[in-house]
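# sharing a model prediction with you, sequence too.
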Amino acid sequence: MAGALSTTLVIALFAATALHPPLPRRSTPFSPQFAITWWINEMPVLGLWWLALGTWETLRAPVADPWWWLVLTLTALDVALLALLLLRGRTVRPVLTAALRDGYGPAGEPPRSPVPWWRILLVPFLSWRSDVRRLRGRRYGPGGRAHRLDVALPRRPRDGRSPVLVYLHGGGFVMGSKALGGWPLLHRLAAQGWVCVSANYRLRGATYAERLDDTRSVLEWVRNHAPELGADPGAVLLSGGSAGAHLAAMTALVGEDVDGVRVRGVVGMYGYYGPVDHSMPGGTDVGDHARPDAPPFLLLHGAQDTLVRKEDVRALARRLASVSTSPVVHAELPGTNHNFDFFPSLRWAAVGDAVDRFVHLALGEPGPADLSRSARAGRPG
């Protein structure tokens, strides 16, 4: 009985905090509320499994005991809280649609892909796809593990050369790995024929300028291996989460100095974009490097991010939009915390649709939704 009661109380604490977490007064690489809330906010189904395992033995044998009824009541409350966390992921789609339409007009309408319910309910930590193959641990520099990258490729390459998405992981510049974050997006685009790269970079002990050199080395690797990968180095988009979003944005803004590579757009998710150190001329605040010829930007951030202040991202979006001649799309996602691109979810289904639409708009080519509509329009009535 005591174990079941403690399980219901802990889950209630986690779920209630995830619904309304304390927000940071300043951006930080770690906070207790983040540790408590982010995983249950993104994978409430794991909370349901935890609840079931912790209470089943107690609830399956009713007894005339007030403690048993308390466990039953708290279990019902936990189920309601977890269901609310799961279903509120639906609230981001209207916000994403409005932001893309504001930036691109009617063409910004994102597709609506099927929700992967079997993944969400049974294996929410799995993003593997049978139509995508993965090349692991490719070396792009002399820095050991820090200079390794993975590549996701379609098993059936599309005709012609494929666009490229390069993803840079988060971790506050002190931790993280190419194996974490972004893989639902990389697998989705690779299944459409993209070449998708997730790269490590130097962390502790490295300056920001050295990490920026690492991202350039990744782009050089893409250029040098483009023929064997079927990739088009003239159609590269950069993406990242948290600290990786900082590197992706800065790489696109400080000048395209990798011969043969053209950065066509940036997708920043739950990004930190403020100062890091003093290793670069002009500073390391992303907004200080805004320029008129910047590529299109898509900045996605959680309204309940417990690590990076949403106000800081709003300020960057305004600064970029005031200078750049390209679209700057900013969406603040309700009910969303940090690290929202780690796992399949209702929220990610909508975010993935929005990113899918943006990257094709940035390239100026039709996306799957356009091709589907064209096929329906040309079908005999």
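Okay, I see it. Note that the structure is predicted; figures quoted are calculated from it, not measured. Numbers count the residues shown, from 1 in each chain.

# can you tell me how far the spatially most central residue of the chain is from residue 194?
The centre of the chain sits closest to residue 341, judged by CA atoms, centre = their mean, with a distance of 3.1 Å. According to CB to CB, to the nearest Å, residue 341 and residue 194 sit 16 Å apart. C-beta here means a position set from N, CA and C on the backbone, and glycine is covered the same way.

# same check on residue 363?
For residue 363, the distance to residue 194 (CB to CB) stands at 10 Å.

# can you give me the strands for the chain?
Applying DSSP state E to the chain gives strands spanning 132-139, 148-154, 162-168, 195-199, 231-241, 263-269, 297-302, 328-333.

# now mean neighbour count and distance to residue 358 too, for these, in TSV please.
Shown next, in TSV, are these (neighbours: other CB atoms under 10 Å; distance: least, CB to CB, whole Å):
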stretch	mean neighbour count	distance to residue 358
strand 132-139	14	20
strand 148-154	22	19
strand 162-168	27	11
strand 195-199	29	15
strand 231-241	25	9
strand 263-269	26	7
strand 297-302	26	5
strand 328-333	23	7
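
# export those to CSV and append columns for distance to residue 311.
What follows is those, written out as CSV (distance: least, CB to CB, whole Å):
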stretch, distance to residue 311
strand 132-139, 37
strand 148-154, 33
strand 162-168, 23
strand 195-199, 29
strand 231-241, 19
strand 263-269, 15
strand 297-302, 10
strand 328-333, 10
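
# so what's residue 70 closest to, chain neighbours aside?
residue 5 (6.8 Å; CB to CB, 6 or more residues apart in numbering).

# ditto for residue 134
residue 152 is the one closest to residue 134 (CB to CB, 6+ apart), at 5.4 Å.

# give the bridge partners for the one you found, please.
For residue 152, the beta-bridge partners are residue 134, residue 196 (DSSP bridges).

# ok, now which ones touch residue 321?
Contacts for residue 321 were tallied using CB atoms under 8 Å, 6 or more residues apart in numbering; they are 328, 330.

# ok, now residue 101?
Applying CB under 8 Å, 6+ apart to residue 101 gives the contacts 108-109.

# per-residue pLDDT of it, please?
Residue 101 carries a pLDDT value of 98.

# go on, residue 379?
pLDDT, residue 379: 46.

# ok, residue 128 next?
85.

# residue 25 is nearest to which of the strands of the chain?
With CB to CB as the measure, strand 297-302 is the member of the strands of the chain nearest residue 25 (16.4 Å).

# list the neighbouring strands of the closest one plus their orientation.
Short version: by DSSP bridges, strand 297-302 pairs with strand 263-269 (parallel), strand 328-333 (parallel).

# to residue 73, which of these lies closest?
strand 328-333 (32.5 Å).

# can you list the neighbours in contact with that closest one?
Residues outside strand 328-333 that contact it (CB under 8 Å, 6+ apart) are 92, 95-96, 98-100, 102-104, 108, 296-303, 310, 313-314, 317, 320-321, 340, 347, 351, 354, 358.

# show the buried residues in those.
Among the contacts of strand 328-333, those scoring as buried are 92, 95-96, 99-100, 103-104, 108, 296-303, 310, 313, 317, 320-321, 340, 347, 351, 354, 358 (criterion: 16 or more other CB atoms under 10 Å).

# please flag which of those sit within helices.
92, 95-96, 99-100, 103-104, 310, 313, 317, 320-321, 347, 351, 354, 358 (DSSP state H).

# of those, closest to residue 18?
Of these, the one sitting nearest to residue 18 (CB to CB) turns out to be residue 347, at 12.6 Å.

# which residue sits closest to the closest one in space, ignoring its chain neighbours?
residue 89 (3.4 Å).

# the one you found: what's it in contact with?
Applying CB under 8 Å, 6+ apart, the residues near residue 89 are 335, 345-350.

# show me the two of those that sit farthest apart.
Most distant of those, by CB to CB, are 335 and 349, 14.2 Å apart.

# contacts only, for the residue lying farthest from the centre of the chain.
Distance to the chain centre peaks in the chain at residue 64, reaching 48.5 Å (criterion: CA atoms, centre = their mean). The contact partners of residue 64, by CB under 8 Å, 6+ apart, come to none.

# what's the burial count for residue 122?
Neighbourhood size, residue 122 [other CB atoms under 10 Å]: 10.

# OK, contacts around it?
Residue 122 touches nothing, counting by CB under 8 Å, 6+ apart.

# look up how far residue 363 lies from it.
Here the criterion is CB to CB. By it, residue 122 lies 34 Å from residue 363.

# before we move on, what about residue 269?
From residue 269 to residue 363 the distance is 19 Å (CB to CB).

# what do you get for residue 132?
From residue 132 to residue 363 the distance is 20 Å (CB to CB).

# with residue 75 instead?
49 Å.

# just want to know which of those two has more residues nearby.
residue 75 (23 against 17).

# what pLDDT does that one get?
Reading off the model, residue 75 has pLDDT 97.

# start at 3 instead
From this message on, residue numbering opens at 3, which makes the last subject residue 77.

# what's near enough to touch it?
Neighbours of residue 77 in contact, by CB under 8 Å, 6+ apart: 10, 53, 57, 61.

# helices - which of those land there?
Short answer: the contacts of residue 77 in helices (DSSP H) are 10, 53, 57, 61.

# could you dump those residues to TSV with neighbour count, pLDDT and distance to residue 179?
Compiled in TSV, the ones in helices among the contacts of residue 77 are given as follows (neighbours: other CB atoms under 10 Å; pLDDT from 0 to 100; distance: CB to CB, whole Å):
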residue	neighbour count	pLDDT	distance to residue 179
10	23	97	34
53	22	97	30
57	21	96	35
61	14	93	39
